[in-house]
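Q: just need the structure, nothing else, for what follows:
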Amino acid sequence: TLERVDLAELFANLIRSREDRGMNGGRRLELDLAGKGPLRVMGVPTQLERVAENLIDNAVSFSPEGGTVRVAIRQSGRQVVAEVSDEGPG
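A: Down below sits the predicted model:
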């Protein structure tokens, strides 16, 4: 069932949870939100969370220890764009 999901809140919760559980392996996670307020999309919450978690896991695993993983979320017209970047090769 499709629901309105705030991607900013979803990524913020995932990052906070990873930090609380010490799952970043010496990498820093940054969340960059362009603008104020919610950044909502229509989707299945559990599937969006799984995708977001996989993106963060992948970035953490390919970023060197001491590196930074950045998650940037912004509104682009009628779309919400989420970009995950790391300091690894490639």
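Q: can you show me the helices along this protein?
A: Using DSSP state H, the helices of the chain run over 7-20, 45-62.
Q: between the ones you listed, which one is closest to Gly35.
A: helix 7-20 (9.3 Å; Cβ to Cβ). From N, CA and C alone the C-beta is placed, and that goes for glycine too.
Q: buried stuff in that closest one?
A: Judged by neighbour count (16 or more other Cβ atoms under 10 Å), helix 7-20 contains these buried residues: Leu7, Ala8, Leu10, Phe11, Leu14, Ile15, Arg18.
Q: and the fourth one, how close does it get to Ala82?
A: Separation of Phe11 from Ala82 (Cβ to Cβ, to the nearest Å) stands at 7 Å.
Q: please enumerate the shared neighbours of those two.
A: Both Phe11 and Ala82 are in contact with Ala52, Val71, Ile73, where contact means Cβ atoms under 8 Å, 6 or more residues apart in numbering.
Q: in this structure the last one contacts Val84, no?
A: It refers to Ile73. No. Under the criterion of Cβ atoms under 8 Å, Ile73 makes no contact with Val84, lying 9.7 Å away.
Q: higher neighbour count, the two?
A: Ile73 (22 against 18; other Cβ atoms under 10 Å).
Q: for the more buried one, give me its contacts.
A: Per Cβ under 8 Å, 6+ apart, neighbours of Ile73: Leu7, Ala8, Phe11, Leu31, Asp32, Leu33, Ala34, Leu39, Val80, Val81, Ala82, Glu83.
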